[in-house]
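**Student:** any chance you could fold what I've pasted below:
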Amino acid sequence: MSRIGLMPIEIPEGVEVNIEGAKVTVKGKLGELSQEFNKNMAIKKEENVVTVSRPNDERENRSLHGLTRSLINNMVIGVSKGFTKKLELNGVGYRANLKGQDLDLQLGYSHNVLVKAPEGIKFECPSQEEIIVSGIDKQLVGEIAANIRKKRPPEPYKGKGIKYEGEHIRRKLGKAAKTE
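**Tutor:** Next comes the predicted model:
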């Protein structure tokens, strides 16, 4: 049995969950999210708890059980608290600034890199070396943060580049450490 799929999802105050067949809509103080799920999964709402169950133990249904529960849980957390990803810039001359809603990055290229903020995503720059990506959709927040990191991934020799907060960069010694 799926340990994750069996756990009930508690709905906090101020969050409204509507289930219409396989479509789940979640409304909260931060916004609204809706998603269509597989028709085999039985999604039920009883008072302040949402449960997900599967019809049988076929391989596909087993794999969808925990996934469906996790996606609905992420929707509930997103509209009540939101999600954030923090990025750090390491390197001489690497800077991040806001231009309106968009993010303007100086990453050692001959030009500035402009990252447009899609709908539902908000950028913050507490300092020139920090970027905070926030929003209600966990998948979108992670995707935008990964795309920003892809502009200049951290290199293994000096550690220069954009990395997630708390990410450990494995360092290489370089050619000075060559042994025979």
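**Student:** so the closest residue to M7 other than its chain neighbours: helix, strand or coil?
**Tutor:** Counting by CB to CB, 6 or more residues apart in numbering, M7 lies nearest to R69, which is 6.7 Å off, once chain neighbours are set aside. Placement of C-beta: from N, CA and C, glycine included. Assigned by DSSP: H, G, I helix; E, B strand; the rest coil, the conformation of R69 is helix.
**Student:** distance of R69 relative to I4?
**Tutor:** 6 Å (CB to CB, to the nearest Å).
**Student:** next, the residue nearest in space to the middle of the chain: phi, psi?
**Tutor:** Centroid-nearest residue in the chain: G142, 3.0 Å away (criterion: CA atoms, centre = their mean). Main-chain torsions, G142, degrees, to the nearest 10: phi -70, psi -40.
**Student:** okay, and the beta partners of the residue lying closest to it once chain neighbours are set aside?
**Tutor:** Of all residues not flanking G142 in the chain, K85 sits nearest, at 6.5 Å (CB to CB, 6+ apart). K85 forms beta bridges with V133, as assigned by DSSP bridges.
**Student:** give me every residue that touches E124.
**Tutor:** E124 is in contact with L98, I131, I132, S134, counting by CB atoms under 8 Å, 6 or more residues apart in numbering.
**Student:** and the buried ones among those, selectable in PyMOL?
**Tutor:** Selection of buried members from the contacts of E124 for PyMOL, criterion 16 or more other CB atoms under 10 Å:
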select buried, resi 131+134
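**Student:** of the contacts of E124, which is the nearest to I77?
**Tutor:** S134 (13.0 Å; CB to CB).
**Student:** mind listing what the closest residue to that closest one other than its chain neighbours touches?
**Tutor:** Of all residues not flanking S134 in the chain, T84 sits nearest, at 4.3 Å (CB to CB, 6+ apart). Residues near T84 by CB under 8 Å, 6+ apart: I132, V133, S134, V141.
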